[in-house]
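Novice: Sharing a model that was predicted from the sequence below.
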Amino acid sequence: MTMSGPLLEMRDISKAFPGVRALEHVNFSVREGEIVCLLGENGAGKSTLVKILTGVHQPDGGKILFEGRQVRFKGTQDAFALGISIVFQEFNLCPNLSAMENLFLGHEAHGRWGLLACRQMRERARRAFAQLRIAIEPDALVRDLGVAQQQMVEVAKALSHPTRILIMDEPTSALADEGVQRLFGIMRELKGRGISVVFISHRLNEVLEVTDRVVCLKDGQNSGEIETKAADQDRLVSMMVGRDLGQMYAQRQGRPADEIVLEVRNLSRPPRIREVSFKLHRGEILGLAGLIGAGRTEVARLIIGADKTGSGRMFLDGKAIEIRHPSDAVAHHIAYVPEDRKRFGLVLGASVRENTTLTIHGKILNRLGLICRAAENAITDEYIHKLQTRVSSREQITRNLSGGNQQKVVLSKWLAIQPKVLILDEPTRGIDVGAKTEVHRIINDLADRGVAILLISSELPELLRLADRVAVMRQGRVTAEFPRAAATENAIMKAAVA
Amino acid sequence: MGQPLIGILRRLLRRRESGIFLALLALMAGIALLQPNFATANNLYLVSRQIALTAILALGVLFVILTSGIDLSLGSTVGLSGFMCGLAMAAGWPTVLAIGVGLLTGAGVGAINGAIVAFIGVTPFIVTLGMLGAARGAVLVLKHGDSIREIPSSFIAAANGNLFGLSVPVVVLLALAVFSQVVLQHTAFGRRVYAVGGNEEATAYSGINTRRVKFFAYVLCSLFSAVTGILFVARFQSAQSDAGKGMELDAIAATVIGGTSLMGGEGSVVGVLIGAVIMGVIRNGLVLLDVSSYWQELIIGAIIVLAAILDVVRSRRRG
């Protein structure tokens, strides 16, 4: 590992889009065999910088030096030729093809007669996976792989070309802790081989754990740079937001009531869910911990009727209820904020107003049976105000909102049904630190006002901060339950894996 | 005094439809310059009547396309509904009842399309392609390919007559346009049609029965086709076995030209009306300019593909 001049240097990079100055005089460098974190809130300019680094965008000003020589990327293939690869936040794999086929997509090996040399590719795929110490059968369909394994295929794909710099855009956001550790193992391995990694993540503990150096952006400008050895969470947070986020770690002080709002008995849908039972009290936040694939999302989907009914019984306010479709859940004031908000949460092409009232069409009709615009506007404005959603107007298209504000619109549409039970599935995934704090505050307030909340989260600090009680799932079963006082990261992790 | 007017103008210009509206004006001006016969009262009357029949289909298929579906059986539904209406008339049924038979036939076709698409989950393209053949086949089976000429003259006179100075088809079109606008913009059903096309999964998760929404979109679409079918009977003074053949092309093209996204969730009644007028004016212009009918087909086909390309470019710009 040489520590001489940087492998890549971006100097004084500026980039403007119509109406936005995305980057202003940004400097960024990568040394050989170094893991650099590019840190910043959503909208800080990280994506734009990465797009310039990979040749998607061309900078308006500044220059890029590679091994000390100035280079100009006219398109992605120029960056690619220098060995700059990227693993995207959203996977770019074809689920209907095998791991091997994905690995060689676009540069398949050919044998005689121009036919595919499958045996050769299979062997090379096996070697590529072995090198990363991952157990994936080359012929397994990507759709059958877990999220973590899909990610590994992505990494292997990026590395199947001669790679000098690997950019990983929020690679851990979809991974549970074990997957994260394996990914970190791979990153360290690459580092050992002299390959540089640019790591983009919102999870500060991960940044502190795996990176060598942190470069922070804020509002399109450099806002700090620090060797990771010398950094701690508070320091990183203040670089990101320029303000102290002490309240981010404030413990919830709620006191749930004794009355049971939702009781679930022996919910089963083998093989994913087996005999799950729990009680949810008025004003309580019940945390649901577990690894990815433990069946937590499946429990939520079963409760709201998104999947075909399994077996088991549910009681709302002591009365047995039956839910066969999400419309039944809505009628019973049970709301579900899904993990994948772009796919299940929002109609992205529709406005804030249209999304907010999507759940309550029946309640805003006038005497002629037509939708009453005034009522609609009033409800939309009410939630924009209550959740402090930052929108240019209620007619703004939700596609153009930041992740945090999109999540607030999803919350709005569910608060509009006056939920008794609110199920939150990874409510702060992929949203920046500032918005995260606000979402936590909203969750807390809702519980204080009597909403019974089931909080599914893979971030243990989040669970510990918010939950009154934590239940842990493993392989479709609830394996442990801790009151707030007894819930520690260690105890929860043990119940989740052991 | 001038200030609010400028404001209104600016808002109009910012609407998606303003671009194609200006294109329409330019097109009409161009044709009028090349062929003075275009801008005569008589020609415009005939053109508007022709456009109305296509535009009604286009309005109907707008509902389906908004849900990100497609209906290729429009033309055959026109044929079958008109034929059933004609059969009822020939059997001596009162005109109102015969019209009811036509409409019911349309609703039935739509219900079959909708049920297979929404409840069984077959791709709309295949379902309605099948219906395109099946409905036309049904017409041929009914009278071995013959047409029905026993149409009451009172019906022919009424449906070919005028109301408020406009031909009956144009009046029917305007009524259906107002109906569609109200349904799409001001009812829960309309809102859901857009939502289903924008993101079906998120809409279902919001507690909306998306299958029912899709089902009724197809029923409405075929009902509109039936209206055109019945108007056709009056126009030809008979129920022809090949009535409506190929009309799905013009109708879908009009919808897309009018700014409706084939991916669903975007489109408007006003846009569809403008699109239909553009298609009608182009067809009429080609006739007036003595372009051979072979060339006409080629040109119309090219325009349809062009409109589809425009749709893709538009959605790409949205990113």
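Specialist: In hand now; what should we look at?

Novice: how many neighbours does the residue of chain B found nearest chain A have?
Specialist: Residue nearest to chain A within chain B: B:G207 (3.1 Å; Cβ to the nearest Cβ). Backbone N, C-alpha and C define where each C-beta goes, glycine included. Counted with other Cβ atoms under 10 Å in any protein chain shown, the neighbours of B:G207 add up to 26.

Novice: Hmm, A:S327 and it touching each other?
Specialist: Yes. With contact defined as Cβ atoms under 8 Å, B:G207 reaches A:S327; the gap is 4.2 Å.

Novice: Tell me, what's the model's pLDDT at the closest residue to chain B within the stretch 351-498 of chain A?
Specialist: When scored by Cβ to the nearest Cβ, the stretch 351-498 of chain A has A:H361 as its residue closest to chain B, at 3.6 Å. At A:H361, the model reports a pLDDT of 91.

Novice: Pretty sure A:A130 sits in a strand.
Specialist: No. Counting by DSSP: H, G, I helix; E, B strand; the rest coil, A:A130 is not found in a strand; it is helix.

Novice: How many residues are close by the residue of chain A found nearest chain B?
Specialist: Residue nearest to chain B within chain A: A:V330 (3.1 Å; Cβ to the nearest Cβ). Residues lying near A:V330 (other Cβ under 10 Å) number 24.

Novice: Quick check: it touching B:T203?
Specialist: No. Counting by Cβ under 8 Å, A:V330 sits too far from B:T203 to count as a contact (11.9 Å).

Novice: and the gap between A:F278 and B:R191?
Specialist: 36 Å (Cβ to Cβ, to the nearest Å).

Novice: Same drill for those two, tell me which one is more crowded.
Specialist: Taking other Cβ under 10 Å, A:F278 and B:R191 do not tie; B:R191 has more neighbours (23 against 17).

Novice: Mind giving me the packing neighbours of the helix or strand containing that one?
Specialist: Taking DSSP states H and E as the criterion, B:R191 maps to helix B:188-198. Packing partners of helix B:188-198 (3 or more Cβ pairs under 8 Å, 6 or more residues apart in numbering or on different chains; DSSP states H and E): helix A:352-356, helix B:41-66, helix B:168-186, helix B:200-205, helix B:210-236.

Novice: rewinding a little: tell me the secondary structure at the residue lying closest to the residue of chain B closest to chain A once chain neighbours are set aside.
Specialist: Nearest non-adjacent residue to B:G207, counting by Cβ to Cβ, 6 or more residues apart in numbering or on different chains: A:V330, 3.1 Å away. Local secondary structure at A:V330 is given as helix here, using three-state DSSP.

Novice: quick one: pLDDT of A:V330?
Specialist: Looking at A:V330, its pLDDT stands at 94.

Novice: Backbone dihedrals for the closest residue to A:L346 other than its chain neighbours, both of them.
Specialist: Leaving aside its sequence neighbours, A:L346 sits nearest to A:T398 (Cβ to Cβ, 6+ apart; 5.1 Å). With angles defined as degrees, to the nearest 10, A:T398 sits at phi -70, psi -20.

Novice: got a list of what A:T398 touches?
Specialist: A:346-348, A:350-352, A:355, A:406, A:409 (Cβ atoms under 8 Å, 6 or more residues apart in numbering or on different chains).

Novice: Not counting its own residues, what contacts the one helix or strand A:T48 maps to?
Specialist: Secondary structure assignment for A:T48, by DSSP H and E: helix A:46-53. When contacts are defined by Cβ under 8 Å, 6+ apart, helix A:46-53 is touched by residues A:8, A:10, A:13, A:15, A:22-23, A:26, A:28, A:38-40, A:57-59, A:64, A:73, A:79, A:84, A:86, A:167, A:169, A:198, A:200, A:217, A:220.

Novice: For burial, what's the neighbour tally of residue 48?
Specialist: Going with chain A. Neighbour number of A:T48 under other Cβ under 10 Å is 23.

Novice: um, chain B though
Specialist: 18.

Novice: Kindly report the same for B:I257.
Specialist: Based on other Cβ under 10 Å, the number of other residues close to B:I257 is 28.

Novice: what do you get for B:G301?
Specialist: Using other Cβ under 10 Å: B:G301 sits among 12 other residues.

Novice: For it, which non-adjacent residue is closest in space?
Specialist: B:L249 is the one closest to B:G301 (Cβ to Cβ, 6+ apart), at 7.9 Å.

Novice: Check A:P271 too.
Specialist: Leaving aside its sequence neighbours, A:P271 sits nearest to A:G476 (Cβ to Cβ, 6+ apart; 6.6 Å).

Novice: Kindly report the same for A:E41.
Specialist: Once flanking residues are discounted, A:E41 sits nearest to A:D432: 3.7 Å by Cβ to Cβ, 6+ apart.

Novice: still on that earlier bit, list the residues that contact the residue of chain B closest to chain A.
Specialist: A:325-331, A:359, A:417.

Novice: Chain A contacts on chain B?
Specialist: Proximity of chain B to chain A, by Cβ under 8 Å from any Cβ of the partner chain, involves residues B:182, B:186-188, B:191-192, B:194-195, B:198-199, B:201-209, B:265-266, B:318.

Novice: Out of those residues, which end up buried?
Specialist: B:186-188, B:191-192, B:194-195, B:198-199, B:201-208, B:265-266 (16 or more other Cβ atoms under 10 Å in any protein chain shown).

Novice: What is the helix or strand where A:L411 lies packed up against?
Specialist: Using DSSP H and E, A:L411 sits in helix A:403-415. With contacts taken as 3+ Cβ pairs under 8 Å, 6+ apart, helix A:403-415 sits against strand A:334-337, helix A:352-356, helix A:373-387, helix A:433-448.

Novice: Tell me what angle that helix forms with helix A:373-387.
Specialist: Here helix A:403-415 points in a direction 120 degrees away from that of helix A:373-387 (axes from the mean of the first three to the mean of the last three Cα atoms, to 10 degrees).
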